[in-house]
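Trainee: Return atomic coordinates for the entry below.
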Amino acid sequence: MPIQCLLQGAFGVRISRGRLSSSVQKAAEALAEPYVEIGQEVRSTSAVHADERSWRVEKNGT
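Mentor: Residues are numbered from 1 along each chain as shown. Alright, predicted model coming up:
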């Protein structure tokens, strides 16, 4: 399913591929520095923990 269909169906937002591409590019530029900083912080810590436990999901979706 194209992201445009998802956005329109879920939020009523109509967006062109060009606008979507531009928005993704702007977000990537805005997050580039924090991404590098987070990577440096993680590499500099003495221990890194990732919780890989699964989440139980009931049949009714909760």
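
Trainee: The single longest helix found in the chain - contacts with which helices or strands?
Mentor: Longest helix of the chain, by residue count under DSSP state H: helix 17-44. Packing partners of helix 17-44 (3 or more C-beta pairs under 8 Å, 6 or more residues apart in numbering; DSSP states H and E): helix 3-11. Using the backbone N, CA and C atoms, a C-beta is placed for each residue, glycine as well.

Trainee: Give me the buried positions along the helix it packs on.
Mentor: Judged by neighbour count (16 or more other C-beta atoms under 10 Å), helix 3-11 contains no buried residues.

Trainee: tell me the angle that helix makes with helix 17-44.
Mentor: Angle between the axes of helix 3-11 and helix 17-44 is 90 degrees (criterion: axes from the mean of the first three to the mean of the last three C-alpha atoms, to 10 degrees).

Trainee: Please work out which residues outside helix 3-11 touch it.
Mentor: For helix 3-11, the surrounding residues in contact (C-beta atoms under 8 Å, 6 or more residues apart in numbering) are 13, 14, 15, 16, 17, 20.
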